[in-house]
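**Q** pasting the sequence and the predicted coordinates here, then a few questions.
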Amino acid sequence: MQFDETMTVMLSTGHGAETEPVEVPLRVGTVKLGDMLGEGASGAVFAGYDEALNRKVAVKILHRRRGAATTDAEMIELARGVRAAAGVKHPSIVTIHAVETAADMPVIVMEYVDGLSLRDLFLGSGPMDLSLGLYVMRSITSAVAALHEANVVHRDLKPANVLFDRSGRARVCDFGLACEFDAAGYRGRADEVGGSPLYMAPETYEAEVSPMSDVYSLGVMLFEVLTGAPPFSASTISELQICHQSHDPPVWQLERHEVPEEVEQIVRRALNKRRYLRFKTAGRMLRALENVEAPERRDEILQMKIAEMTTAREAGESRSETSKPESTPARTTFDLIAERARKKREDKTD
C-alpha cells in the first residue's frame, strides 16, 4: 500500500483541548494542501488547490477525539449535517464541494473565497456606521435564514466565519458543526457541545441546539458590529458561560453609540436568555432588520463600500509584502496564496 506524504501541524484534538502535533495529509484526493489559514471551534482550515479541476479551494479538517479514529457512525452524522447545508443554494453561502475522510479525520472541501473575513476587515477599527452594519447583518441573516428554511442549524456563527469576496458580497462559511433539526430542535451529535464561546447561546453550553441558538449568535454579532466589541468577554470558557447564562447584555452601550431604539429592541430580543422569547428563526430576525430605516438603504452602494475596504486592506498587505525581496522567482499562484495566509497569521501574532 502506498504511503501518502504528510505534514505535521499543531491542532486541537477536540473542542477546548490543548494543541498537539498532528499528521495531516498533503493531499486529499486531487486536492493539494498548503498552509493553514486558521483554526476555529470545529477544526482547522487550509488553503488548497484542486489539480483535477484547476481551481483554488479551502479544506477544513475537523477535530477528532484524542487518539481516536473517526467511526463510520460519526462520519455519517457529520456528512448528514454538512450535506444538508451543501444543498442550500444562496448567494451568501459558500459552496461545499465534498465531504471526505483523510488520515482518520473528517474533511470538508469548500469553495475558496478570495477576500477577507468580517473579523479581519473590522478587527480593531471600532464600530461600523449604522447603514453599513445593518447591511452586513442583513446579508448574514439572509444566508442563515436559508439554512433554517432547509432545517439546518449552523452552530458556529461568528465574524471569522463570514467572508467578503472582492465584490463586497458576504459569504457565510464553515459548516463543520452544522446539523439538521426537527420540531423538537436538535438532531444529530446531540451529546456534543460545540461552537465559539464568545458567540454561543446559553443553552448550547448544555448541548441544546435549535434555530434560536443561531439567532442568539446573530444577536452577538449585531451588537459587535454596532459597538466594536461583543457583549461579553472573559478569561476562561467557564466565565463566558456564566456571562451568557446569567448576565444581562450591556445594551446601554448601544445607546452610547446612538443606535436607534428599534435596533436596540432587535438586539434585546435576539440575546434573550430564554430562547423561546427570541426570534424563532433567522428569517423572522431578517424581517425585523429589513424594517429598520437607515441613512443609506441601497445595497449596491453599501456593497461597493465593503469592496473598497477589502481592496484597500489587501493593497496595504501587498505593499508590505513587496518591500521584501523575492526569494524564489518561479512561484505558483498556490504558493502566493499560501504566503499571504502565512503573512496574515504573523501579523495577528505580533
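**A** Yep, it's here. Numbering: from 1, shown residues only.

**Q** what's opposite residue 107 in the beta bridge?
**A** residue 61, residue 100 (DSSP bridges).

**Q** surely it and residue 97 touch.
**A** No - here residue 107 lies out of contact with residue 97, judged by C-beta atoms under 8 Å, at a distance of 10.8 Å. All C-beta spots, glycine's among them, are computed from the backbone N, C-alpha and C.

**Q** of the two, who's got more company?
**A** residue 107 (26 against 20; other C-beta atoms under 10 Å).

**Q** if I look at that one, how far off is residue 31?
**A** Distance, residue 107 to residue 31, by C-beta to C-beta, to the nearest Å: 9 Å.

**Q** joint contacts of these two?
**A** residue 59 (C-beta atoms under 8 Å, 6 or more residues apart in numbering).

**Q** what kind of secondary structure is the closest residue to residue 130 other than its chain neighbours in?
**A** Among residues not flanking residue 130 along the chain, residue 294 sits closest, at 5.4 Å (C-beta to C-beta, 6 or more residues apart in numbering). Look at residue 294: counting by DSSP: H, G, I helix; E, B strand; the rest coil, its state is coil.

**Q** how about residue 294, phi and psi?
**A** phi -130, psi 160 (degrees, to the nearest 10).

**Q** and residue 94, by the same measure?
**A** Per-residue torsions, residue 94: phi -70, psi 140 (degrees, to the nearest 10).

**Q** contacts only, for the residue most central in space within the chain.
**A** Closest residue to the average C-alpha location of the chain: residue 161 at 1.5 Å, with C-alpha atoms, centre = their mean. The contact partners of residue 161, by C-beta under 8 Å, 6+ apart, come to 40, 117, 172, 173, 174.

**Q** burial of the third one, as a residue count?
**A** A count of nearby residues for residue 172, using other C-beta under 10 Å, gives 25.

**Q** name the element the closest residue to it other than its chain neighbours belongs to?
**A** Once flanking residues are discounted, residue 172 sits nearest to residue 143: 4.3 Å by C-beta to C-beta, 6+ apart. Here residue 143 sits within helix 130-149, counting by DSSP states H and E.

**Q** past that helix, which element shows up next along the chain?
**A** strand 152-153.

**Q** the helix or strand following that following strand pairs with which strands, parallel or anti?
**A** Under the assignment DSSP H and E, the closest C-terminal helix or strand after strand 152-153 is strand 162-165. Taking DSSP bridges as the criterion, strand 162-165 forms sheet pairs with strand 115-117 (antiparallel), strand 170-172 (antiparallel).

**Q** hey, least reliable of these by pLDDT?
**A** When the strands paired with strand 162-165 are ranked by mean pLDDT, strand 115-117 comes last with a mean of 88.

**Q** show me where the stretch 1-150 of the chain has strands.
**A** With DSSP state E, counting those that start in this stretch as the criterion, the stretch 1-150 of the chain has strands at 6-12, 19-25, 27-28, 31-39, 43-50, 55-62, 96-102, 105-111, 115-117.

**Q** could I get the average pLDDT for the second one?
**A** Strand 19-25 shows a mean pLDDT of 67.

**Q** repeat for the first one
**A** Strand 6-12 carries an average pLDDT of 63.

**Q** begin at 115 from now on, thanks
**A** Sure, I'll start counting at 115 from here, so that last one is strand 120-126.

**Q** pLDDT below threshold where in the stretch 315-464 of the chain?
**A** Counting by pLDDT under 70, the stretch 315-464 of the chain contains low-confidence ranges at 428-464.

**Q** show me where the stretch 315-464 of the chain has its strands.
**A** Using DSSP E, counting those that start in this stretch, strands in the stretch 315-464 of the chain do not occur.

**Q** where exactly do the helices run in it?
**A** 325-341, 351-360, 366-370, 375-384, 396-404, 413-436, 447-463 (DSSP state H, counting those that start in this stretch).

**Q** most tightly packed of those helices?
**A** helix 325-341 (a mean of 25; mean count of other C-beta atoms under 10 Å).

**Q** and the angle from that one to helix 244-263?
**A** Helix 325-341 and helix 244-263 meet at an angle of 170 degrees, taking axes from the mean of the first three to the mean of the last three C-alpha atoms, to 10 degrees as the criterion.

**Q** sounds good, over and out.
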